[in-house]
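Asker: The amino acid sequence is not available; the structure is as follows:
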């Protein structure tokens with residue numbers, strides 16, 4: 001069971017309640033919610049906000065690939081996963097990503113949640129520009145998208 005979406009920050013916000021509704025099921029004994037939020041300091045610079053840009057279709061495709069890859073690598077077949085990522089400008093403290101997972105057991109939920117966020121950071125075409133207190137901004141270096149290793 002999978003839900004993925006890019007949230008346009010001008011139109012809506014990422015809501016934990018939506019994730020909770022999606023993953024709630026009595027067959028699952030463990031639920032984990034990961035929230036990425038905009039913090040105020042990075043590399044000793046005072047951050048006032050972040051602007052995210054995404055290649056929406058490719059991001060959704062990468063989320064789906066990560067979900068199905070978890071079947072192969074982690075062998076967690078029975079799961080619910082909710083992933084939303086913001087696009088546009090976010091202020092300090094606002095949620096940029098939510099990953100909610102539900103599995104039968106807590107060890108599966110922890111493993112799956114960590115796997116998903118690490119793979120998103122490595123593979124998904126999401127770019128962020130930090131905005132600083134002196135009204136300057138800077139696009140941050142990301143991780144190069146790696147091809148599958150043989």
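Answerer: Cool, got the structure. The model shown is predicted, which means the values in this text are computed figures rather than measured ones.
Asker: partners of the strand or helix carrying residue 31 in the sheet?
Answerer: When elements are assigned from DSSP states H and E, residue 31 belongs to strand 30-37. Looking at strand 30-37 with DSSP bridges, its partner strands are strand 95-103 (antiparallel).
Asker: ok, back up a step: how about the strand holding residue 31, which residues are buried there?
Answerer: For strand 30-37, a neighbour-count test (16 or more other CB atoms under 10 Å) marks 30-33, 36 as buried. Every residue, glycine included, has its C-beta placed from N, CA and C.
Asker: just stretch 80-94 next, same as before
Answerer: Buried, per 16+ other CB under 10 Å, within stretch 80-94: 80-87, 90, 94.
Asker: Run a quick neighbour tally on the nearest residue to residue 20 once chain neighbours are set aside.
Answerer: Spatial nearest neighbour of residue 20, chain neighbours left out: residue 100 (7.1 Å); criterion: CB to CB, 6 or more residues apart in numbering. Around residue 100 sit 26 other residues, with neighbours defined as other CB atoms under 10 Å.
Asker: May I have the predicted confidence score for the one residue sitting closest to the centre of the chain?
Answerer: Nearest residue to the geometric centre of the chain (CA atoms, centre = their mean): residue 97, 4.1 Å. Per-residue confidence at residue 97 stands at 98 (pLDDT).
Asker: Which residue, neighbours along the chain excluded, lies closest to it?
Answerer: Looking at residue 97 with CB to CB, 6+ apart, the closest residue is residue 36, at 4.1 Å.
Asker: Repeat that for residue 67.
Answerer: Residue 67's closest residue in space is residue 2 (CB to CB, 6+ apart), at 5.0 Å.
Asker: Just to check, that neighbour is in contact with residue 81?
Answerer: Yes. Counting by CB atoms under 8 Å, residue 2 does reach residue 81; the two are 5.2 Å apart.
Asker: what's the residue nearest to the centre of the chain in contact with, if anything?
Answerer: Going by CB atoms under 8 Å, 6 or more residues apart in numbering, residue 97 touches 14, 34-36, 83-86, 117, 120.
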